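In: I need the structure of the sequence given here:
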Amino acid sequence: MPPNGKKNVVRSIRMDKDMEDFLNRETESKHLTFNNLVNSILQKYSEFGTFAERFGFITITRNTFQALVEVLSVEEMDIISRDISSLALKEFTFFKYNDPGIKAFIDFLAILCNYGGLGMFEEKINGLDHRIIIRHNMGSKVSQLLGKIMSETIKRIGDIEVTIPDSSSNELTINFKMDPFNL
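Out: Next comes the predicted model:
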């Protein structure tokens, strides 16, 4: 059995030569095996792609997202954070995890960062103290909007107060207290 404890299965697939050539070039440039690359593509699809399609996610560049956020007022960001937290994020976590709880939301954030390109996700837990850090390189307005969305969602899902210390313009830190056994 592999080190991760999951059982492997062997499958064969057919693909056209152009696809094989593309995948071979990708494996070389990323220093991966063909199997690792295909598994990472399938994992991204299973963990994010199917849900992104169902919920109407679109793909835009970070620069475009940042430019759109830059023109928002504080009041508009408040409205957006309430709308997103009450609908999309709760529905997405409920659909994906069958439980719109804090743990599901944190997992969703990690997936959104890892596969959706939002940024680098880090979670630190020390007893009751939880810290989520998202490094994104999109500026302070994006940090402000993401902070509003995430604190509003955590408050709605778990009735938990969130603090957001002043961060750099390219990083968002979210702190809250919660019993790890009640995640």
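
In: tell me the secondary structure at F121.
Out: Each residue gets one of three states, and F121 gets strand by DSSP: H, G, I helix; E, B strand; the rest coil.

In: OK, contacts around the nearest residue to it once chain neighbours are set aside?
Out: Closest residue to F121 apart from its sequence neighbours, by C-beta to C-beta, 6 or more residues apart in numbering: C113 at 3.6 Å. The way it works is simple: take the backbone N, C-alpha and C, and place the C-beta from them, glycine included. The contact partners of C113, taken as C-beta atoms under 8 Å, 6 or more residues apart in numbering, are 119-121, 134.

In: and the residue positioned nearest the centre of the chain, its phi and psi?
Out: Taking C-alpha atoms, centre = their mean, the centroid of the chain lies closest to L112, which sits 1.7 Å from it. Torsion angles at L112 (phi, psi; degrees, to the nearest 10) stand at phi -60, psi -40.

In: could you give me the buried positions within whichever helix or strand S40 is part of?
Out: Applying DSSP states H and E as the criterion places S40 in helix 34-44. Of the residues in helix 34-44, those with enough neighbours to count as buried (16 or more other C-beta atoms under 10 Å) are V38.
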